[in-house]
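Trainee: just the structure for this:
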Amino acid sequence: MEMILVVTTGGTIDKVYFDAKSEFEVGRSMVGDLLREAHVHAPYSTLDVLRSIPDKTIVLTGALSPARFANTDAAFNVGMAFAAVQTLPAGVYITMNGQVFDAAMVRKDHATNRFVPI
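Mentor: A predicted model of the protein is given here:
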C-alpha cells in the first residue's frame, strides 16, 4: 500500500485553549494521536506545512472544536479525510461534517457554521 501523507495546517484540530476567555494557540498536531487511537494501520506520515504535490490526491479537513475537547468533530473529520484520500482521483478536496467538496468549489457559510458548495 502506498504511503499516505497527512498534511496538517495548524487549524482547530490542534488548538490548545488556556482560559475561559478562549485564548489559544496551535499546539503540536493531534492527527497522529487520532489515527493511532482509531487503530489505523495503513502506512502514513505527517507534514505540518501545506504544499502542492503534482499528481497526488490532497484532502484537507478541519474541525469546529479542538480534538482535545470531549465533544469534537475532529476524529470523524480526520477519519473521513483518511478514507477519502484513498478513493478520490488526483486533485484537492475538503472533507467536513460528512461531505466531500472540490476545494475550488466550496466556501464556509459562517451563519450556519458549515461548508457549502459554490
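Trainee: pull the residues that contact the helix of greatest length in the chain.
Mentor: In the chain, taking DSSP state H as the definition, the longest helix is helix 74-87. Helix 74-87 is contacted by residues 4, 6, 12-13, 30-31, 34-35, 37-38, 40, 42, 44, 57-63, 65-67, 93, 95-98, 100 when judged by Cβ atoms under 8 Å, 6 or more residues apart in numbering. All C-beta atoms are positioned from the backbone trio N, CA, C, and that covers glycine.
Trainee: so how far is stretch 16-34 from its chain's centroid?
Mentor: Its chain's C-alpha centre and that of stretch 16-34 lie 15 Å apart, by Cα atoms, centre = their mean, to the nearest Å.
Trainee: now do the end-to-end distance for it.
Mentor: 16 Å (Cα to Cα, to the nearest Å).
Trainee: now it: mean pLDDT?
Mentor: Rounded to a whole number, the mean pLDDT of stretch 16-34 is 79.
Trainee: and the residue nearest the centre of the chain, what are its bridge partners?
Mentor: When the chain is reduced to its mean C-alpha position, the nearest residue by Cα atoms, centre = their mean turns out to be Thr61, at 2.8 Å. For Thr61, the beta-bridge partners under DSSP bridges are Thr95.
Trainee: do Ile4 as well
Mentor: Ile4 has these beta-bridge partners by DSSP bridges: Tyr44.
Trainee: so what's it up against?
Mentor: 42-45, 82, 85-86.
Trainee: quick one: it and Pro43, what's the gap?
Mentor: Applying Cβ to Cβ, to the nearest Å, the value for Ile4 to Pro43 is 7 Å.
Trainee: where does this structure have its least confident helix or strand?
Mentor: Here the helix or strand of the chain ranked lowest by mean pLDDT, DSSP states H and E is strand 24-26, holding a mean of 74.
Trainee: which residues touch that one?
Mentor: Here strand 24-26 makes contact (Cβ under 8 Å, 6+ apart) with 10-11, 14-18, 66.
Trainee: so which of those residues wins on neighbours?
Mentor: For those, counting by other Cβ atoms under 10 Å, the largest number of neighbours falls to Asp14: 23 neighbours.
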